[in-house]
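Novice: Below are the sequence and a predicted model for it; my questions follow.
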Amino acid sequence: MTSVLDLTGVTFGKMKEMMGFVKEFVRMMSSHYPQRSFKTLLINCPGWFGTLFNLIKPLLRESTKEKIQILNQGHHQTEVLKTVLGTVPDDLITGKPSTGWENLSMEVQLREFCLQGLIQAGMEMSTL
């Protein structure tokens, strides 16, 4: 499984909020998909993100480090995404939300599924 996390619009100030998501994401992947995770692509990363990642990188297992790739917007990121995903939606290339992507049937179904799970757990969805 390849995971793509788009960090468009993430500021250093939002990192505290993001850390909870990242910790939960890593915990879920480790618990439920330990050997299924092929690659995690962090795309549209702000310039400072690589430095921050290098600080926590020594804490990661070698096998985990090999699976994570940090990409900044540009030609190299586009080529990596094309290689891994086969095609690249325009919004991932430009870093700007596309019109209609959020309304694709699969996205709507996934959002509804997640909302139902949150409701059953007595929780609400929050934005980052």
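Specialist: Structure's in. What do you need?
Novice: Where does pLDDT dip in this structure?
Specialist: Applying pLDDT under 70 to the chain picks out residues 26, 29-30, 32-37, 87-108, 127-128.
Novice: Try it again at 80.
Specialist: For the chain, the stretches with pLDDT under 80 are 1-3, 14-38, 84-114, 125-128.
Novice: All the helices of it, in order from the start?
Specialist: Assigned by DSSP state H, the chain shows helices spanning 15-32, 49-56, 62-67, 75-85, 90-94, 105-120.
Novice: if you compare the ones you listed, which one is most tucked away?
Specialist: Stretch with highest mean neighbour count among the helices of the chain: helix 90-94 (a mean of 16; mean count of other Cβ atoms under 10 Å). Placement of C-beta: from N, CA and C, glycine included.
Novice: Now render the helices of the chain as JSON lines, adding distance to residue 40.
Specialist: Shown next, in JSON lines, are the helices of the chain (distance: least, Cβ to Cβ, whole Å):
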{"stretch": "helix 15-32", "distance to residue 40": "8"}
{"stretch": "helix 49-56", "distance to residue 40": "12"}
{"stretch": "helix 62-67", "distance to residue 40": "6"}
{"stretch": "helix 75-85", "distance to residue 40": "11"}
{"stretch": "helix 90-94", "distance to residue 40": "15"}
{"stretch": "helix 105-120", "distance to residue 40": "18"}
